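starting from these lines, generate the structure:
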Amino acid sequence: MDYLLLKRCGACMVMIMTLLPAMCYSSCEYPAIFNFGDSTSDTGTIHYIFPYNMLAENPPYGRTFFGRPVNRYSDGRLSIDFFAQALGLPFLSPYLQSVSASFGHGTNFAAAGATVRETNFIAPISLTVQINQYKIFKQQVAATIQAHGNVSYLPTMDAFRTGIYILEIGGNDFSFGYMNLHLNTSEVQRTILPKVARSIRGAVQALYNEGARIILVKDVGPQGCQPFWLTFFPHSSNDFDQYGCSVSYNNAVRLYNRMLRAQLAVTRKELPDATIIYVNTYDIVYDFFVNPSNYGFNFTTRACCGVGGKYNYNYAVQCGSTGTIKNTSVTAESCPDPASYVNWDGVHWTDEANKIITQQILSGKFFEPAFSIATHCDLQPL
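Presented below is the predicted three-dimensional model:
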């Protein structure tokens, strides 16, 4: 889901930790969060890999909550930010942040553009690389604690066992198949998706081997409802459902999610002492398109930040950038009311959508099997 990344960008960034005071005000059995993913949960990794080359480094990204760009692909917070906030934890520092980072309550290894499997797509930080980074991080923490004792800016060794692990990745593997390999939906379903689901299962096993015991695995959301998918790829006239979403691209996602469910079911039997949860974000997000007024949304398949047109999106001139369309110079600008939109920039969700997604997740209704975070944490209101 990170087709926005490799565009020329400008302005310098202020480190996120200078913006966000610690919020350790709730009682929670989970002292840390370790997150793995792509741009849906990247809080700065891609910025430190390719500085001054990413859209999210520039306005209008970050306008809603932070008042400035903070290396997040949204107008404000991501779901991982809201999740940490609900648990009473500070926002997660990206693993590659070298200054002002604080890892005492976890680490974010997610990188925009990342895929589950090793590919030559946008970012070189696949899920395998992220897990290897986690292993190195854990080793370095252990060595530091052995030499100096526990320190506030690093997690305790017990936190690696009792923390929550989140995987939010997979959408870019679809994109790689469609864009780089030029496969159609049937070919992607047949040749790529089974491998991706199996690789997620392998990643869960690898984290378990490192001590993880509570692992939340998010599925892939309805790509066929996003402006990018609705404009970049050709569609037949009968490829749209009554809510304006692409049936064929959403069907591919649904198939993958069924494969993922099946793989995690096998893993649960193999690792009975672990809590491995499938998080059904697809149904959460798809309901935004089915019942938008229930959530206060006025615009669903139209992006907030763009250059106009039916979907307010054009791949050639993406959010915050200036380019030429039909011999006319245009700038992709933000709408005045992002909270009334589901989609921020054609690919990523708005701050408001991310908040509601997280509230729904924390309700426990979209966990498979049933699991209640609220039983273990004094959840803070969002």
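
wait, what's in contact with S372?
G364 (CB atoms under 8 Å, 6 or more residues apart in numbering). Backbone N, C-alpha and C define where each C-beta goes, glycine included.

in a strand, it, correct?
No - if the criterion is DSSP: H, G, I helix; E, B strand; the rest coil, then S372 is coil and not within a strand.

how about the strands in the stretch 151-300 of the chain?
Secondary structure of the stretch 151-300 of the chain (DSSP state E, counting those that start in this stretch): strands at 164-168, 214-218, 275-279, 299-303.

need the pLDDT of the closest residue to N250 other than its chain neighbours.
Leaving aside its chain neighbours, N250 sits nearest to G224 (3.7 Å; criterion: CB to CB, 6 or more residues apart in numbering). What the model reports for G224 is a pLDDT of 98.

and the longest helix for the protein?
helix 247-270 (DSSP state H).

the protein: helices as residue ranges?
Under DSSP H, the chain gives helices at 45-49, 79-86, 127-148, 157-162, 171-175, 185-191, 193-209, 227-232, 247-270, 281-290, 351-362.

just the pLDDT for I122.
pLDDT for I122: 87.

single out the most deeply packed of the strands of the stretch 151-300 of the chain.
strand 164-168 (a mean of 26; mean count of other CB atoms under 10 Å).

let me know the average pLDDT across that one.
98.

out of the helices of the chain, nearest to S39?
helix 45-49 (7.3 Å; CB to CB).

show me which positions of the closest one end up buried.
45-47, 49 (16 or more other CB atoms under 10 Å).

closest to P59 among those residues?
Using CB to CB, the buried residues of helix 45-49 come closest to P59 at H47, 14.7 Å.

so what does the closest residue to the closest one other than its chain neighbours look like in phi/psi?
Excluding the flanking residues, the one nearest H47 by CB to CB, 6+ apart is N71, at 4.2 Å. Backbone torsions of N71, given as degrees, to the nearest 10, read phi 60, psi 30.

N71: neighbour count?
When neighbours are defined as other CB atoms under 10 Å, N71 has 25 of them.

OK, contacts around it?
Taking CB under 8 Å, 6+ apart, one finds 13, 16, 42-44, 46-47, 54, 56-57, 94 in contact with N71.

what do you get for N184?
By CB under 8 Å, 6+ apart, the contact list for N184 reads Y178.

do V247 as well
By CB under 8 Å, 6+ apart, the contact list for V247 reads 224, 239-241.

so how far is C225 from it?
11 Å (CB to CB, to the nearest Å).

now swap in S246 and tell me
Distance from S246 to C225, by CB to CB: 8 Å.

just T64 next, same as before
Distance, T64 to C225, by CB to CB: 21 Å.

between the two, which one's more packed in?
Set side by side, T64 and C225 show more neighbours around C225, with 25 against 20, by other CB under 10 Å.

how many residues are close by the closest residue to that one other than its chain neighbours?
Setting aside the residues directly before and after it, C225 is nearest to C245 in space (CB to CB, 6+ apart), at 3.9 Å. Neighbours of C245 under the rule other CB under 10 Å: 22.

hmm, back to that, select from the contacts of V247 the one having the most neighbours.
G224 (28 neighbours).

show me the contacts for that one.
G224 touches 230, 245-251, 253, counting by CB under 8 Å, 6+ apart.

what do you get for Y243?
Counted by CB under 8 Å, 6+ apart, Y243 has contacts 225, 289-290, 300-301.

which two of these lie the greatest distance from each other?
Top of the distance list for the contacts of Y243 (CB to CB): V290 and T301, 12.1 Å.

figure out which of the helices of the chain is closest to S329.
helix 227-232 (20.1 Å).

name the surrounding residues that touch the closest one.
Contacts of helix 227-232 (CB under 8 Å, 6+ apart): 3, 223-224, 244-246, 249, 301-303, 306, 311-315, 343, 346-347.

filter those residues to the buried ones?
Among the contacts of helix 227-232, the ones that count as buried by 16+ other CB under 10 Å are 3, 223-224, 245-246, 249, 301-303, 306, 311-314, 343, 346-347.

pretty sure S41 contacts I166?
Yes - if you go by CB atoms under 8 Å, S41 and I166 touch, sitting 7.4 Å apart.

now I356: how far from F288?
From I356 to F288 the distance is 8 Å (CB to CB).

ranges for the strands of the stretch 1-150 of the chain?
According to DSSP E, counting those that start in this stretch, the strands that the stretch 1-150 of the chain contains are 33-37, 106-108.

okay, now the unreliable bits of this protein?
For the chain, residues meeting the criterion pLDDT under 70 lie at 1-26.

ok, and the closest non-adjacent residue to the residue nearest in space to the middle of it?
Geometric centre of the chain, nearest residue: T40, 2.1 Å, by CA atoms, centre = their mean. The shortest distance from T40 to any residue other than its chain neighbours is 5.4 Å, reached at E168 (CB to CB, 6+ apart).

my guess is that neighbour contacts A111, does it?
No - the pair E168 / A111 is not scored as a contact, 11.7 Å apart, by CB under 8 Å.

looking at the strands of the stretch 1-150 of the chain, which is closest to T115?
strand 33-37 (10.8 Å).

from the chain's centre, how far out does that closest one sit?
When distances are taken as CA atoms, centre = their mean, to the nearest Å, strand 33-37 is centred 10 Å away from the chain's centroid.

circling back: nearest to I373, of the strands of the stretch 151-300 of the chain?
By CB to CB (comparing all of the strands of the stretch 151-300 of the chain), the closest turns out to be strand 164-168, at 8.0 Å.

what's the closest of the contacts of G224 to L127?
Closest to L127, out of all of these and judged by CB to CB, is V253, at 17.8 Å.

tell me, how many residues neighbour that closest one?
25.
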